[in-house]
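Participant: Below are the sequence and a predicted model; questions follow.
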Amino acid sequence: MSYAPSQSAPTSTTKTRHLQELARQLKELAERTETLKQLSGQTAVHAEWMRQLGGDHAAWFMASERIMLSRVVADEQPASPQREQ
C-alpha cells in the first residue's frame with residue numbers, strides 16, 4: 001500500500017497542531033506547578049505561625065487553670081489563725 005502525497009499533508013498539519021497543543025499544555029502545567037510551589041511555601045510559613053499560636057494558647061490555658069485552681073484551693077482551705085511574727 002502506498003501513500004499518496006495528498007494524504008501525507010493533512011497528517012503533518014495534524015501532527016503539528018497536536019504538537020502545538022501539547023506545548024501549550026506543558027507551558028500551562030509548568031506555570032501551575034510554579035504557582036503550586038509558591039503556595040506550598042506560603043502554607044509552610046502559615047503552618048509555622050499556627051504552631052506558635054497553638055503553643056501560646058496552650059500556655060494561656062495552663063496559666064489560667066493554675067490561677068483558677070489556686071483561688072478554688074484558697075477558698076476551700078479552713079481559716080487558720082494567723083501566725084505572729
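Facilitator: Thanks, I have it.
Participant: Quick check: mean pLDDT of the host helix or strand of residue 65?
Facilitator: Assigned by DSSP states H and E, residue 65 belongs to helix 5-76. Averaged across helix 5-76, the pLDDT comes to 89.
Participant: what's the offset of it from the middle of its chain?
Facilitator: 4 Å (CA atoms, centre = their mean, to the nearest Å).
Participant: Quick one: list the elements packing against that helix.
Facilitator: With contacts defined as 3 or more CB pairs under 8 Å, 6 or more residues apart in numbering; DSSP states H and E, helix 5-76 has no helix or strand neighbours. Just so you know, the C-beta spots here come from the backbone N, C-alpha and C atoms, and that holds for glycine as well.
Participant: residues contacting the residue nearest the centre of the chain?
Facilitator: Nearest residue to the geometric centre of the chain (CA atoms, centre = their mean): residue 43, 3.5 Å. Neighbour list for residue 43: empty [criterion: CB atoms under 8 Å, 6 or more residues apart in numbering].
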